[in-house]
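K.L.:
Need a 3D model of the sequence below.
(chains A and B)
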Protein chains: 2
Amino acid sequence: MNRSLSLRSKKGNTTSGDAPPRKFGFSSMRASTQPELSKKLYRLIKSENHVINNYTNAGREQISIASQLSDWGLATNDDAISDISDKIGVMLSELGELEISYSQNLEDFRAVMKSIRNVEASVQPSRDKRNKITDEIQRLKYKEPQSPKLVQLEQELVRAEAENLVAEAQLSNVTRQKLKEAYASHFAAVVERSQKQEILAKHSRRILALLDDTPVVPGDTRPAYDLEREARQILADAEDDLRNWTLELEEVPTNASLDAGAMPTISNIGGSAATSPVLNGTGPLSVEEQEAKQEVVA
Amino acid sequence: MNRSLSLRSKKGNTTSGDAPPRKFGFSSMRASTQPELSKKLYRLIKSENHVINNYTNAGREQISIASQLSDWGLATNDDAISDISDKIGVMLSELGELEISYSQNLEDFRAVMKSIRNVEASVQPSRDKRNKITDEIQRLKYKEPQSPKLVQLEQELVRAEAENLVAEAQLSNVTRQKLKEAYASHFAAVVERSQKQEILAKHSRRILALLDDTPVVPGDTRPAYDLEREARQILADAEDDLRNWTLELEEVPTNASLDAGAMPTISNIGGSAATSPVLNGTGPLSVEEQEAKQEVVA
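P.N.:
Residues are numbered from 1 along each chain as shown, chains lettered A, B, ... in the order given. The predicted model follows:
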């Protein structure tokens, strides 16, 4: 585990320093047309796309290797290697499919992060407008303190500040809600991939145990291989385990209940924390969960 | 889970059909200079390299994203988001490091697979030589049945067959031993990554739970964030769990004990299965394990 408890102390070393270099191109220019406020998330979401592509490719290659292994085993003309390499191939192929599912889950995560970026981008003009009016007032007060335009600008500023106050509340509400939602699903996807791949890997090692690697001397013939049934049974066991698998996670409590304007819904303003939904939750909360939740959101 | 219990029935669909297209280049020509016998593994080992690169890149990008998230959080000027995004960044960075460790373990797997490929490549000339002499004898018997060269060739064939018998035994011994060893370590690496990432993901969700996403109305100020200590404690918990983690796996039994010539060692010929080592084993075997093992290798 990384001994550092914050990334900021070593910021200079890791900020994109470890990432493979990206070629200069049109796509790398697009960030510069983003409003200042959404630039960082714009880049992060872009980087996440590279992560996703790497997992998709790893999964596809793994599925290809699974077939190659099976083909190779068949060509050895060794019944034991042929059967076991084919069964291991089935498992490797499934491991590859899980990488692809994982990358699809990350794609969903990425879509939620985009909703934060979009609000950031839309809040920028409201900040700019308020700042522009403030600057203009300062300028006039200095140059033409008696200008009748000052009164008009002061009124405009009040309106702009009201608008910006709404925008900032929307930004805060959406950011907290979506950040929590996005990463809760990201980490749930990590747990899902982990648990399923662990199941497959353990059964795969059982299949390997069926391969007799006792060495022979020249001219010896090996005893006939007769463990096809056992090998098939292990695949069936793995299939059963995956079919019966369910995602069981401590819930990440949420109090976010936003209306279409990214403002609290009425029930949320007056309501108690215990009645609000949870992220990735399935059933009603137990008393313990409600208490735990109220502590968290207090 | 893949319903198919063999990859061969659907071979036409999956053999490298799902892999991303590779550009034509010098590296793609090299397989054609490999002996026929080692071509399939040569390609498989090549494909594994692509898998490894994808995991390495995914890990590096993840570490970069971790820093980007932390930077973004700092720039929001929201204490809660700042602290939690930084802590989540630490976890994401660690997840990325685990992908890189995983890719290094796959590199070790790949090295073991190469030892099979190398024996395959070295056995090819022995097969070729035997076949060439056999063909020559057939040709002479037909064209010059009285040729004195026939006697010489028959003697050469006996020597070539003896040599090939050794080569084939070496191939069989090395292939079974190394195939088992390679994939036992491959699947152990999958289990290690899975268990460690599951630990990190679950603690990460605990950190997310610290982010209060109760929405505010315009002009409201949020209560001050005072959960730094709790967040730091979760990182410490994750670090403890990773430090105390050990790989616990059912052993994959092995009877392979080869001498430098890839032949059985003397103890192996006379010895009992129960005294032989196990793959990834640490201590002496229990009685149950010995019994289980003897069943497997019987």
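
K.L.:
A:Ala160 reaches A:Glu136, doesn't it?
P.N.:
No: the criterion here is CB atoms under 8 Å, and A:Ala160 misses it with A:Glu136 at 10.9 Å. Every C-beta, even on glycine, is put in place using the N, C-alpha and C of the backbone.

K.L.:
Tell me the predicted confidence for the nearest residue to A:Lys114 once chain neighbours are set aside.
P.N.:
Leaving out its chain neighbours, the residue that sits closest to A:Lys114 by CB to CB, 6 or more residues apart in numbering or on different chains is A:Ile45, at 6.0 Å. At A:Ile45, the model reports a pLDDT of 97.

K.L.:
Confirm for me that A:Ile45 is in contact with A:Ile116.
P.N.:
No: counting by CB under 8 Å, A:Ile45 sits too far from A:Ile116 to count as a contact (9.2 Å).

K.L.:
So which of these two has more stuff around it?
P.N.:
A:Ile116 (24 against 19; other CB atoms under 10 Å in any protein chain shown).

K.L.:
in what helix or strand does that one lie?
P.N.:
A:Ile116 belongs to helix A:79-143 when assigned by DSSP states H and E.

K.L.:
Give me the distance from that helix to the chain's centre.
P.N.:
Between the centre of helix A:79-143 and the centre of its chain there are 7 Å (CA atoms, centre = their mean, to the nearest Å).

K.L.:
cool, stretch A:249-257 as well?
P.N.:
Averaged C-alpha coordinates place stretch A:249-257 at 17 Å from its chain's average position (CA atoms, centre = their mean).

K.L.:
Just the terminal-to-terminal distance for that stretch.
P.N.:
Counting by CA to CA, to the nearest Å, the length from the leading to the trailing residue of stretch A:249-257 is 22 Å.

K.L.:
Also stretch A:242-253?
P.N.:
Stretch A:242-253 has an end-to-end distance of 28 Å (CA to CA).

K.L.:
center of chain A - which residue?
P.N.:
Most central residue of chain A, judged by C-alpha distance to the mean C-alpha position with CA atoms, centre = their mean, is A:His186 at 3.2 Å.

K.L.:
Please report the distance of it from A:Arg110.
P.N.:
Applying CB to CB, to the nearest Å, one obtains 9 Å for the distance of A:His186 from A:Arg110.

K.L.:
likewise A:Glu94?
P.N.:
When distances are taken as CB to CB, A:Glu94 and A:Arg110 turn out to be 25 Å apart.

K.L.:
Point out the other elements, helices or strands, that the helix or strand encompassing A:Tyr42 touches.
P.N.:
Taking DSSP H and E as the definition, one finds A:Tyr42 inside helix A:39-75. Secondary-structure packing of helix A:39-75 (3 or more CB pairs under 8 Å, 6 or more residues apart in numbering or on different chains; DSSP states H and E): helix A:79-143, helix B:11-14, helix B:39-75.

K.L.:
Now that helix: buried residues?
P.N.:
Within helix A:39-75, the residues that qualify as buried are A:39-48, A:50-75, counting by 16 or more other CB atoms under 10 Å in any protein chain shown.

K.L.:
Between the two ends of stretch A:214-234, what distance do you get?
P.N.:
Counting by CA to CA, you get 22 Å between the two ends of stretch A:214-234.

K.L.:
anything in that stretch near chain B?
P.N.:
Yes: residues of stretch A:214-234 contacting chain B under CB under 8 Å from any CB of the partner chain: A:Thr214, A:Pro215, A:Val216, A:Val217, A:Pro218, A:Gly219, A:Asp220, A:Arg222, A:Arg232.

K.L.:
Name the surrounding residues that touch that stretch.
P.N.:
Defining contact as CB atoms under 8 Å, 6 or more residues apart in numbering or on different chains, one finds that stretch A:214-234 is touched by A:78-80, A:83-84, A:87, A:203, A:206-207, A:210, A:212, B:5, B:162, B:165-166, B:168-169, B:172-173, B:176-177, B:255-258, B:262-264, B:268-269, B:273, B:297.

K.L.:
near chain B at all, stretch A:185-193?
P.N.:
Yes: judged by CB under 8 Å from any CB, stretch A:185-193 and chain B are in contact via A:Phe187, A:Ala188, A:Val190, A:Val191, A:Arg193.

K.L.:
Would you check that A:Ala121 makes contact with A:Leu37?
P.N.:
Yes: at 6.8 Å, A:Ala121 counts as touching A:Leu37 under the criterion of CB under 8 Å.

K.L.:
Neighbour count for these two, which is higher?
P.N.:
With other CB under 10 Å as the criterion, A:Ala121 and A:Leu37 differ in neighbour count, and A:Leu37 comes out ahead with 21 against 17.

K.L.:
For the more buried one, give me the backbone phi and psi.
P.N.:
In terms of degrees, to the nearest 10, the main-chain angles of A:Leu37 are phi -60, psi -30.

K.L.:
if I pick it, what's in contact with it?
P.N.:
Taking CB under 8 Å, 6+ apart as the criterion, A:Leu37 is in contact with A:Glu120, A:Ala121, A:Val123, A:Gln124, A:Arg127.

K.L.:
Mind jotting down where the helices sit in the stretch 101-250 of chain A?
P.N.:
A:149-208, A:228-244 (DSSP state H, counting those that start in this stretch).

K.L.:
Just give the number of residues close to A:Gln104.
P.N.:
A count of nearby residues for A:Gln104, using other CB under 10 Å, gives 15.

K.L.:
I'd like to know how far it sits from A:Arg193.
P.N.:
Here A:Gln104 is placed at a distance of 11 Å from A:Arg193 (CB to CB).

K.L.:
ditto for A:Gln138
P.N.:
A:Gln138 sits 55 Å away from A:Arg193 when distances are taken as CB to CB.

K.L.:
Neighbour count: these two, which is higher?
P.N.:
A:Arg193 (23 against 10).

K.L.:
Could you find the closest non-adjacent residue to the more buried one?
P.N.:
If you skip the residues right next to it in sequence, A:Arg193 has A:Tyr102 as its closest partner in space, 4.4 Å away by CB to CB, 6+ apart.

K.L.:
per-residue pLDDT, that neighbour?
P.N.:
98.

K.L.:
Likewise for A:Pro145?
P.N.:
As summarised for this prediction, A:Pro145 has a pLDDT of 89.

K.L.:
Please apply the same query to A:Asn173.
P.N.:
Here, the pLDDT recorded for A:Asn173 equals 96.

K.L.:
How much space separates the closest residue to it other than its chain neighbours from A:Thr254?
P.N.:
What sits nearest to A:Asn173 in space, not counting adjacent residues and going by CB to CB, 6+ apart, is B:Pro215, at 4.1 Å. For B:Pro215, the distance to A:Thr254 (CB to CB) stands at 11 Å.

K.L.:
and what of A:Glu163?
P.N.:
28 Å.
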